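**Q** Show me how the following folds:
(4 chains)
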There are 2 protein chains.
Amino acid sequence: MARISSTDRRSALIEAALRVIGRDGIAAATTRAIVAEADMSLASFHYVFRSRDEMMHALVASLIEAQTLATLESIAESTNIHHALRAGLQAYFDVLTGNPHQEQALIELLMYSMRADDLADLPQVQYASYHRAVAHLLVTAAASARVEWVRPVPDIARTIVSITDGVTLAWLADRDTVASGRVLDFAAESIAVLARPLDPERELTP
Amino acid sequence: MARISSTDRRSALIEAALRVIGRDGIAAATTRAIVAEADMSLASFHYVFRSRDEMMHALVASLIEAQTLATLESIAESTNIHHALRAGLQAYFDVLTGNPHQEQALIELLMYSMRADDLADLPQVQYASYHRAVAHLLVTAAASARVEWVRPVPDIARTIVSITDGVTLAWLADRDTVASGRVLDFAAESIAVLARPLDPERELTP
DNA sequence: GTCTATAAAGTGATAGAC
DNA sequence: GTCTATCACTTTATAGAC
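**A** Residues are numbered from 1 along each chain as shown, chains lettered A, B, ... in the order given. You can find the predicted model right below:
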């Protein structure tokens, strides 16, 4: 086998592990399954990772860093805050329905992190990152639509993250896309109510 | 050891398994860990369960049956629909914060069921049960408060389940009780807007 | 650096004594 | 029925040849 740099091997193994977890679940992500997915020998695994736990730690850490929530970016484009919210939620939902295994893997890894002693603080970091990213999108969207939020932005951001998480769990369970869409409809409407126009006269000319 | 009936052993092992999963996670719920928790021998396990998978199946099935969502019962008592909703959500949240391990175990078992071939239909059954239970509570609460819902009750029920699930995941991650409470505040307010008084004059005398 | 081979521990499941 | 002892297998991790 060709010589591969240690860092390349690390990322190749992490990506392989994520694929295995997405396909077969975290319980099936044994070192053997991961090296088979990455087409490496078992010894190569332990050449770059001291243990399976160390690899899982690196996997969770890399996911947090990669989480840019780019799927919600479309929220910032519209001049109508309700439409912007609905479009942003739909963009996330499309990613979920298009790649359910990945979202399932993220939830399994989240639950795994909560159990692992040396990863116990990562869920908190992860959610702080989610909340911050959504809060930033809310501020951007409000500026585009020329509105202001009548509730603290962090509270609205947490609400949005909670709704997307809840919709995700329910959809993964019953795959009812239509019903999930109606929940997102209601969420967008309810949150749009929290936006007050900056130019009062605009309110009268919809 | 005294002779224990087969059915007693079954329930004792299922309860022990739930405790182990709550305490140490589903990955730690080996047959040995479970029989140790139940203070039985390994052979006793296989005397009442053909396999570990069969026990997990029985565990998930018993949880679905036991899920009466009794925690939300307080929703039905108030004559003010907003207060009733907020109290019901708080009742669920109190159960979560008082026993986080159990909710964590339920989510892990949900994700486990999604992966297991012969359990793949259980998540759908489980969520149908959740939605039906909450829908029933919504009807009861509306009758008590003398209001009617201006949206289909199943849609509102699914929204409530999604919100509680999302709040659960976020709270398990960062344990921010105050912020989670504000999400529940907003949820109760938003859903209360969907209730229209049956006696119009009552609206004018709050 | 990368491999094969194997060690050491843990797993689900079973046989057979009582 | 219940137990101890053990099988057959899988897992993580490592040793040592190349």
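**Q** any idea which helix is longest in chain A?
**A** The single longest helix within chain A, with elements called by DSSP state H, is helix A:122-145.
**Q** Quick check: mean pLDDT of that helix?
**A** Averaged over helix A:122-145, pLDDT sits at 93.
**Q** Which neighbouring elements make contact with it?
**A** Counting contacts by 3 or more CB pairs under 8 Å, 6 or more residues apart in numbering or on different chains; DSSP states H and E, helix A:122-145 packs against helix A:52-66, helix A:81-98, helix A:100-115, strand A:147-149, helix A:153-174, helix B:153-174. The way it works is simple: take the backbone N, C-alpha and C, and place the C-beta from them, glycine included.
**Q** so where's chain A shaky on pLDDT?
**A** Scanning chain A for pLDDT under 70 picks out A:1, A:67-76, A:201-206.
**Q** Mind telling me which residue of it is nearest DNA strand D?
**A** A:Ser51 (3.0 Å; CB to the nearest atom of the strand).
**Q** How many neighbouring residues does that residue have?
**A** Number of residues near A:Ser51 (other CB atoms under 10 Å in any protein chain shown) recorded here: 11.
**Q** Could you do A:Ala105 as well?
**A** 25.
**Q** Would you quantify the distance from the residue of chain A closest to DNA strand D to A:Ala38?
**A** In this view, A:Ser51 and A:Ala38 are 17 Å apart by CB to CB, to the nearest Å.
**Q** Repeat that for A:Glu54.
**A** Using CB to CB, A:Glu54 is found at 16 Å from A:Ala38.
**Q** Compare neighbour counts for the two and give me the winner.
**A** Just comparing A:Glu54 and A:Ala38: by other CB under 10 Å the higher neighbour count belongs to A:Ala38, 19 against 13.
**Q** Once you drop chain neighbours, what's closest to the more buried one?
**A** Take A:Ala38 and drop its neighbours on the chain: the residue closest to it by CB to CB, 6 or more residues apart in numbering or on different chains is A:Ala16, 3.7 Å away.
**Q** repeat for A:Pro123
**A** Here the residue nearest A:Pro123, using CB to CB, 6+ apart, is B:Ala173, at 3.7 Å.
**Q** Ok, A:Ala120 next?
**A** Residue nearest to A:Ala120 in three dimensions, not counting chain neighbours: A:Met114, with 6.7 Å by CB to CB, 6+ apart.
**Q** I'd assumed A:Val125 was in contact with the residue nearest to A:Pro123.
**A** No - counting by CB atoms under 8 Å, B:Ala173 does not reach A:Val125; the two are 9.0 Å apart.
**Q** Which one's more surrounded, these two?
**A** Neighbour count, other CB under 10 Å: between B:Ala173 and A:Val125, B:Ala173 has more, with 22 against 16.
**Q** which ones are touching that one?
**A** The contact partners of B:Ala173, by CB atoms under 8 Å, 6 or more residues apart in numbering or on different chains, come to A:Leu110, A:Met114, A:Pro123, A:Gln124, A:Gln126, A:Tyr127.
**Q** nearest to B:Val95, of those?
**A** A:Met114 (18.0 Å; CB to CB).
**Q** State the distance from the closest one to A:Ala38.
**A** For A:Met114, the distance to A:Ala38 - CB to CB - is 27 Å.
**Q** that older thread, right, and the helices and strands packed on helix A:122-145 - which one's nearest DNA strand C?
**A** DNA strand C lies closest, by CB to the nearest atom of the strand, to one member of those: helix A:52-66, at 12.7 Å.
**Q** can you state the direction angle for that closest one and helix A:122-145?
**A** Interaxial angle, helix A:52-66 versus helix A:122-145 (axes from the mean of the first three to the mean of the last three CA atoms, to 10 degrees): 10 degrees.
**Q** hmm, helix A:52-66 touching chain B?
**A** No - Helix A:52-66 lies out of reach of chain B by CB under 8 Å from any CB of the partner chain, never closer than 11.0 Å.
**Q** Touching that helix from outside, list them.
**A** Outside helix A:52-66, the residues within contact range by CB under 8 Å, 6+ apart are A:10-11, A:13-14, A:17-18, A:30-31, A:34, A:45, A:49, A:106, A:109, A:112-113, A:116, A:118-119, A:122, A:125-126, A:129.
**Q** out of those residues, which are buried?
**A** Of the members of those, the ones counted as buried by neighbours, 16 or more other CB atoms under 10 Å in any protein chain shown, are A:10, A:13-14, A:17-18, A:31, A:34, A:45, A:49, A:106, A:109, A:112-113, A:119, A:122, A:125-126.
**Q** Quick check: which of these are also close to DNA strand D?
**A** Near DNA strand D, judged by CB under 7 Å from any atom of the strand, the entries from the buried ones among the contacts of helix A:52-66 are A:Thr31.
**Q** returning to what we had before: mind listing what's buried along the longest helix of chain A?
**A** For helix A:122-145, the neighbour count (16+ other CB under 10 Å) marks A:122-123, A:125-127, A:130-131, A:133-135, A:137-138, A:141-142, A:144-145 as buried.
**Q** What residues does the residue nearest to A:Ala38 make contact with?
**A** Applying CB under 8 Å, 6+ apart, the residues near A:Ala16 are A:Ile34, A:Val35, A:Glu37, A:Ala38.
**Q** hmm, which two among those are most spread apart?
**A** Across the contacts of A:Ala16 (CB to CB), the longest gap, 7.3 Å, separates A:Val35 and A:Glu37.
**Q** gap between the two ends of stretch A:105-124?
**A** Length of stretch A:105-124, first residue to last, CA to CA, to the nearest Å: 18 Å.
**Q** on that earlier part again, looking at the contacts of B:Ala173, which is nearest A:Ile81?
**A** When those are ranked by distance to A:Ile81 (CB to CB), A:Tyr127 comes first, at 24.4 Å.
**Q** ok now do that closest one, which residues does it touch?
**A** Counting by CB under 8 Å, 6+ apart, A:Tyr127 touches A:Val161, B:Ala170, B:Ala173, B:Asp174.
**Q** Look up the closest residue to the last one, ignoring the ones flanking it.
**A** Excluding its sequence neighbours, the residue lying closest to B:Asp174 (CB to CB, 6+ apart) is A:Gln124, at 4.5 Å.
**Q** show me the contacts for that neighbour.
**A** Residues in contact with A:Gln124, defined by CB under 8 Å, 6+ apart, are B:Ala173, B:Asp174, B:Arg175.
**Q** Number of residues surrounding the last one?
**A** Here the number of neighbours of B:Arg175 (other CB under 10 Å) works out to 13.
**Q** next one: the one 5 residues further on
**A** Burial of B:Ser180, expressed as a neighbour count using other CB under 10 Å, amounts to 21.
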